[in-house]
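Asks: Compute the structure for the input listed below.
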Amino acid sequence: MYLSICCFFLCWAPALSLKNLNYSVPEEQGAGTVIGNIGRDARLAAGAAGGGMLPAERGAPGGGRGPKSTFRVLENSAPHLLDVDGESGLLYTKQRIDREALCRRSAKCQLSLEVFANDQEICMIKVEIQDLNDNAPSFPSDQVDMDISENAAPGTRFPLTSAHDPDAGDNGLRTYLLTRDDYGLFSLDVKSRGDGTKFPELVIQKPLDREEQSHHTLVLTALDGGDPPRSGTVQINVRLIDSNDNSPVFEAASYVVELPENAPLGTAVIDLNATDADEGTNGEVLYSFSGYAPERVRDLFSIDPQSGLIRVKGNLDYEESGLIEIDVQARDLGPNPIPAHCKVTVRLIDRNDNAPTIGFVSVRQGALSEAAPPGTVIALVRVTDRDSGKNGQLQCRVLGGGGGPGAVPFTLEENYDNFYTVVTDRPLDREAQDEYNVTIVARDGGNPPLNSTKSFSVRILDENDNPPRFSKNLYVLQVPENNIPGEYLGSVLAQDPDLGQNGTVSYSILPGHVGDVSIYTYVSVNPTNGAIYALRSFNYEQTKHFEFRVLAKDSGSPHRESNATVRVTVLDVNDNAPLIVLPALINDTAELQVPRNAGVGYPVGTVRALDSDFGESGRLTYEIVEGNEEHLFEMDPTSGEIRTLHPYWEELSPVAELVVKVSDHGKPSLSAVAKLIVRALAGPLPEAGEPQVNGEQHRRPHWDLSLPLIVTLSTVSIILLAAMITIAVKCKRENKEIRTYNCRIADGSGGGKGKKKKISKNDIMLVPSEGEDSRGPLNVMNVVSSPSLATSPMYFDYQTRLPLSSPRSEVMYLKPASNNLTVPQGHVGCHTSFTGQGTNASEAPPSRMSIIQVGDF
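Replies: From the prediction side, this is the model:
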């Protein structure tokens, strides 16, 4: 066995390489003949090549001999003749190979295989079947009868039947010999056709004489080129007959015609013309194919016997045979005709009648991560085209590729021998598209070009590559003041396009402060749905708005996050009634004195009120509701200024009692009323525009009415500051006397004397503590006043066993706390332990303060 191995390596992808192996094996080898070892010849990196044994010869596998090799046949041109052992990589025959039956007239007989070795190497294998001289040349029959006119001139040629030898190359038909020519009348001329086949022609060497000898017997021998050569013979019986004097003559001995392979049936190939100088029937010419024309020629073409026109009869295929030779003879109708012969060579022109063929050698199994880098191999593709020349030149691409909008992120890279790899050409994004239908388009260079397509699917796996994204960068929530703690304010929404845990979003509030107070005492957020709830009741007059940041975080690893700002705007509610500050009221009454004869339009006085609310709730309107039935006065509804409306008002009513009402524009509207007593003052008329209030004239015509308000507020501030300093000094002095004292507000321990201070639910905080009595442990809550109170914090203990979930309408009684109460950090008060004179707190009679309808704390 002759082995010829030519192996080269070309790396087209990170995980694939291509190797070419060439083998040869003589024909007639029996089944099981080993042709070669692919694993050894290709120098594969994986395990052993099986020790040169076929599967039937190899015993049980011996464990522990290294990694196991795998060989998988991707394509086999003759699966019934050749195969590859999947473990050892041995290439062997499956049955006896007859080259003549397999390749017939082909000069080179070759089989091809494509083997995928160890899932990383592709071996392109070519096996040449070597010819043996096992066939002798043979003729179609044992003898041939020929009629030759006796007047055939020397040099006249007669084609003889050709011998056929199935062997190829040197073992094929080599030459012909003519024997038993006793008189030297004939000779043999061996010629070659365009496809290389040889055919004999009988040539007349001397003039023939039928009367001298009417029959001649010749032996034609065909020899091949084998060693030793084989031969075949045929007997030629030549009968000399009388014939007319002239034979038909063609215009040329041979013709060459070019014809497209897809020529339709009936297409004219050539119109032959042969002339005969004889007259009558001896000059009438009939055309036909030569008696030795192949059957394939008769199937593909037809000839008109009268005109010599050759037409297409069958389907022409360039890929089957690109060159066809037609032997035509012309015979007259005279006695003993001598036919004339010519050869018509038809060259077929290739047409683009075969579309490209696309085959997937290997396709990536499973889904592809969206984090896969550009250049990741997805599939190995092979594209072929049976056409030749420009019609077989291929252009391949991925449908929808190129990087434009909507393009798939894949491209083709050409490697070798029409092999392509499908690779990613840019980063993938599952959120943009989670599955691709990759379509390979192959186009040849014909005119018009032919296309072929083939598709496969690629599914993209999710990675945590997207942070949660809020629908807004800033959320604005509005809540009316005096809301209930726990009230729903609104929601934030962050979406994460990732899947599963990578797209599961949780919410939290980032640390922050409103003033000096932690944001966690103001609001809370539901970690699942982003709902925001109030943790306290808001007061517009104290806090008009505040901001905090909400963090959205996914559950991926590592996680991704983002944040958004939430602005809570507290809406003003009309919860403050107007407060009349001018004129100064005593028991809601003030007296105004106006000179007699003041005249119409004289300013009696101005009523000024304040409202802590804002907007419409803080806009005030002034009016006289009672005491002005005779319309002696008028009041400006905006400024609150009162002027005289009647010139003789003092005569009609020397003392007028006016009830003035100040109303805001809230919903519902709140108001305040005051009673103004206007008296006529006897005496000289003051300067114009200067009214008298409370017996004192306004000495300046343009007195600023806001000045008394400023003076009043300043006075109140100084008084409060002095009170705070006094309390601080008192606490410090009592501390030096070293006695135990529970600091309490006089309103809570004064036995109900004086006006009690009102405590709202915003001024109270509950602090849990523990205690015991004779009946067992007590559930005690310490009530701590809020720093918002003007006085120091107060501490009280529950005197009831009511649970914390009691309804809001229940009454809870509080007493001053004992001296062992722990003051919560951050609340500064004067709850101090010391000893000294006075009674113990436990011995003092309990002083109780009731808080009606305390909210849920």
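Asks: give the contact list for the nearest residue to Gly30 once chain neighbours are set aside.
Replies: Computed as C-beta to C-beta, 6 or more residues apart in numbering, the closest residue to Gly30 that is not its neighbour in sequence is Arg96, at 5.6 Å. (Glycine included, C-beta is placed from N, CA and C.) By C-beta atoms under 8 Å, 6 or more residues apart in numbering, the contact set of Arg96 is Glu28, Gln29, Gly30, Ala31.
Asks: Type out the PyMOL command that picks the buried ones from those residues.
Replies: Burial among the contacts of Arg96 is assessed by 16 or more other C-beta atoms under 10 Å; the matching PyMOL selection reads:
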select buried, resi 29
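Asks: Among the contacts of Arg96, which pair sits farthest apart?
Replies: Maximum pairwise distance in those, criterion C-beta to C-beta, is 11.6 Å, between Glu28 and Ala31.
Asks: Report pLDDT for the residue nearest to Gly30.
Replies: We note a pLDDT of 84 for Arg96 in this prediction.
Asks: before we move on, which element is it in?
Replies: Assigned by DSSP states H and E, Arg96 belongs to no helix or strand.
Asks: now Thr217: how far from Phe139?
Replies: 15 Å (C-beta to C-beta, to the nearest Å).
Asks: If you count surrounding residues, which of these two has more?
Replies: Phe139 (19 against 12; other C-beta atoms under 10 Å).
Asks: residues in contact with that one?
Replies: Contacts of Phe139 (C-beta under 8 Å, 6+ apart): Thr161, Ser162, Ala163, His164, Leu220, Ala222, Gly232, Thr233, Val234.
Asks: for Arg174, same thing?
Replies: With C-beta under 8 Å, 6+ apart, Arg174 has these contacts: Lys198, Leu223, Asp224, Gly225, Pro229.
Asks: What of Ile338?
Replies: Ile148, Ser149, Ala152, Thr156, Ser243, Asn244, Ser247.
Asks: pLDDT at it, what is it?
Replies: Value for Ile338, per-residue pLDDT: 83.
Asks: Look up how far Tyr522 lies from the nearest residue to it once chain neighbours are set aside.
Replies: Counting by C-beta to C-beta, 6+ apart, Ile338 lies nearest to Ser247, which is 3.8 Å off, once chain neighbours are set aside. Computed as C-beta to C-beta, the Ser247 to Tyr522 distance reads 124 Å.
Asks: So which of the two has more stuff around it?
Replies: More crowded of Ser247 and Tyr522, by other C-beta under 10 Å: Ser247, with 25 against 19.
Asks: ranges for the helices of the chain?
Replies: Under the criterion DSSP state H, helices of the chain are mapped to 38-41, 99-103, 295-300, 649-652, 706-736, 746-749.
Asks: out of the contacts of Ile338, who has the most neighbours?
Replies: Ser247 leads the contacts of Ile338 on contacts (other C-beta under 10 Å) with 25 neighbours.
Asks: List the residues that contact Asn171.
Replies: Asp131, Leu132, Asn133, Asn135, Asp165, Asp224, Gly225, Gly226 are the contacts of Asn171 under C-beta under 8 Å, 6+ apart.
Asks: Repeat that for Lys390.
Replies: Contacts of Lys390 (C-beta under 8 Å, 6+ apart): Gly445, Gly446.
Asks: Could you do the one 4 residues further on as well?
Replies: By C-beta under 8 Å, 6+ apart, Leu394 lies in contact with Pro356, Val383, Asp385, Asn418, Ala442, Arg443, Asp444, Gly445.
Asks: Output the residues you listed in TSV, with pLDDT, distance to Asn563 and neighbour count appended to each entry.
Replies: TSV is the format used below for these (pLDDT from 0 to 100; distance: C-beta to C-beta, whole Å; neighbours: other C-beta atoms under 10 Å):
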residue	pLDDT	distance to Asn563	neighbour count
Pro356	87	56	25
Val383	88	53	23
Asp385	82	60	22
Asn418	81	56	18
Ala442	88	52	24
Arg443	86	53	19
Asp444	83	58	23
Gly445	82	59	16
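Asks: out of those, who's nearest Glu623?
Replies: Arg443 (93.0 Å).
Asks: Test of understanding: give the bridge partners of the closest one.
Replies: When assigned by DSSP bridges, Arg443 has beta-bridge partners Gln395, Asn451.
Asks: since we're on the residue lying closest to Thr179 once chain neighbours are set aside, how many residues are nearby?
Replies: Counting by C-beta to C-beta, 6+ apart, Thr179 lies nearest to Val219, which is 4.6 Å off, once chain neighbours are set aside. For Val219, the neighbour count with other C-beta under 10 Å is 14.
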